[in-house]
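Colleague: With the sequence up front, the predicted model follows.
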Amino acid sequence: EDQVTQSPEALRLQEGESSSLNCSYTVSGLRGLFWYRQDPGKGPEFLFTLYSAGEEKEKERLKATLTKKESFLHITAPKPEDSATYLCAVRAGGGSYIPTFGRGTSLIVHP
Amino acid sequence: NAGVTQTPKFQVLKTGQSMTLQCAQDMNHEYMSWYRQDPGMGLRLIHYSVGAGITDQGEVPNGYNVSRSTTEDFPLRLLSAAPSQTSVYFCASSSLDSNEQFFGPGTRLTVL
């Protein structure tokens, strides 16, 4: 059974204080690992897809990395507008189209 | 492109009532799905579809029905609403190749 565990559940940072969110996964043949951002009262918004260990992707202050067992979402010099819940999901190979989501990390960045 | 649209945004039902949550997408995506999101539970898959005429159950399908008569539309039916179905419901779509899902804005449902 595919599993995704995100940590920490909640994270409070001061503006400018860099940190990382973790997504640990077990999956039968990784087809893709996805990061989403969800603002309160809205649907998740796609950020990144990572396909293989060693791959990295960046968008503004966010950088996602992937190993064979986990992914990190690094947030460099965060701003209050980065406050959101960040969701991680994996898709297994073998013809399955169903992603498995983690429960998310709630990030609050204080000015 | 409107992306994924959902109606209504808010709904209050009494126990035993039925209703349909509407979902439409204009991106010609084959894959569509319904999730419910509850505090501390994350996103849980209710039903999904890989194309018109094809639907299947997800993790929590009891009490819900779906149909997919067109590529664009994927309505979710609550047959007899129960308080346990109080939740926020999200519809999502993606192409089968990428699985990068596009989510709708959600429907907040309260069952009294």
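Modeller: All right, it came through fine.
Colleague: Excluding chain neighbours, give the residue nearest to residue B:10 in space.
Modeller: Among residues not flanking residue B:10 along the chain, residue B:108 sits closest, at 5.1 Å (Cβ to Cβ, 6 or more residues apart in numbering or on different chains). Backbone N, C-alpha and C define where each C-beta goes, glycine included.
Colleague: The one you found - how many residues pack around it?
Modeller: By other Cβ atoms under 10 Å in any protein chain shown, the residues close to residue B:108 number 15.
Colleague: Test my guess that it contacts residue B:88.
Modeller: Yes. Applying Cβ atoms under 8 Å, one finds residue B:108 in contact with residue B:88, separated by 5.2 Å.
Colleague: that older thread, confirm that the residue nearest to residue B:10 sits in a strand.
Modeller: Yes. Residue B:108 forms part of a strand when assessed by DSSP: H, G, I helix; E, B strand; the rest coil.
Colleague: check whether stretch A:15-34 contacts chain B.
Modeller: Yes. Contact of stretch A:15-34 with chain B is found when judged by Cβ under 8 Å from any Cβ of the partner chain, involving A:31, A:32, A:34.
Colleague: By neighbours, which of those residues wins?
Modeller: Among the residues of stretch A:15-34 next to chain B, the one with the most neighbours (other Cβ under 10 Å) is residue A:34, at 25 neighbours.
Colleague: Identify the residues contacting the residue lying closest to residue A:22 once chain neighbours are set aside.
Modeller: Counting by Cβ to Cβ, 6+ apart, residue A:7 is the residue found nearest to residue A:22 once chain neighbours are left out, at 4.8 Å. Counting by Cβ atoms under 8 Å, 6 or more residues apart in numbering or on different chains, residue A:7 makes contact with A:21, A:22, A:24, A:105.
Colleague: Of these, just the buried ones, ChimeraX syntax please.
Modeller: Buried residues within the contacts of residue A:7, by 16 or more other Cβ atoms under 10 Å in any protein chain shown, are selected in ChimeraX with:
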select /A:21,105
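Colleague: Could you list which residues are in contact with residue 83?
Modeller: With no chain named, the answer covers chain A. Applying Cβ under 8 Å, 6+ apart to residue A:83 gives the contacts A:107, A:108, A:109.
Colleague: if you could check chain B rather than the one you did, that'd help
Modeller: Applying Cβ under 8 Å, 6+ apart to residue B:83 gives the contacts B:15, B:111, B:112.
Colleague: Look at it and report its pLDDT.
Modeller: Residue B:83 is assigned a pLDDT of 97 by the prediction.
Colleague: So what's the residue count around residue B:105?
Modeller: Per other Cβ under 10 Å, the neighbour tally for residue B:105 reads 15.
Colleague: Setting the sequence-adjacent residues aside, check what's closest to it.
Modeller: In space, residue B:105 is closest to residue A:43, 5.4 Å off (Cβ to Cβ, 6+ apart).
Colleague: Thought residue B:108 was touching the one you found, still the case?
Modeller: No. Counting by Cβ under 8 Å, residue B:108 is not a contact partner of residue A:43; they are 11.7 Å apart.
Colleague: The residue positioned nearest the centre of chain B and chain A, how far apart?
Modeller: Nearest residue to the geometric centre of chain B (Cα atoms, centre = their mean): residue B:34, 3.0 Å. Residue B:34 sits 12 Å away from chain A, going by Cβ to the nearest Cβ, to the nearest Å.
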